[in-house]
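Engineer: build me a structure from this.
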Amino acid sequence: MSLKNLAQKVQQQGVAQPKQVEKQQKEEPIDLSWNDPFDQDKLDEVWRRYTRQHDASPRLHTIYKNHPPKLIKERSLLVKLRNQTQQYELNKERSNILSYLRRSLRNAGIELNFEISQEEDKNANKAFTVADKYKVMSEKNPALALFRKQFNLDLE
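Structural biologist: As a prediction, the model looks like this:
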């Protein structure tokens, strides 16, 4: 890699950004009177299209693909995430996501909320050692401790 190649890449990126801005300006403005009803199936279809548009950004594409929004009320959507990093990434993209959903679903009142799933937090503390695995398993099934004691078994 040379400085000349690096300079060319920077120039190409500088050229690509104005094209994206022009594309956004050509999009139809959101009409505040839009109030078309939609269901989870329609939302899923629109979300898949939005996800495909982000193939070039693997991090966002993965988040979008693994965490589709759920329709919890008439116009309120909830995206359950695994951690705060994902929440941070999607908060940066919130306006783009909402804009796309509102245009595609023709509904200006769509609200988007993010929540970190508590189930994922519980799984974050995984057991790696034999003793940790035994502790977790015996909490789930107390008969395991009795079995170990009765047969005088060691952890190996």
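Engineer: skip the chain neighbours and tell me the closest residue to the residue nearest to the spatial centre of the chain.
Structural biologist: Geometric centre of the chain, nearest residue: residue 63, 3.3 Å, by CA atoms, centre = their mean. With CB to CB, 6 or more residues apart in numbering as the criterion, residue 63 has its nearest non-adjacent residue at 5.3 Å, and that residue is residue 86. The C-beta positions use only the backbone N, C-alpha and C, and glycine is treated the same way.
Engineer: over to residue 27?
Structural biologist: residue 103 (6.9 Å).
Engineer: what do you get for residue 156?
Structural biologist: Nearest one to residue 156, counting by CB to CB, 6+ apart, is residue 130 at 6.6 Å.
Engineer: swap in residue 74?
Structural biologist: Going by CB to CB, 6+ apart, residue 74 has residue 37 as its nearest residue, at 7.7 Å.
Engineer: can you check residue 116 too?
Structural biologist: Residue 116 sits nearest to residue 81 (CB to CB, 6+ apart), 5.5 Å away.
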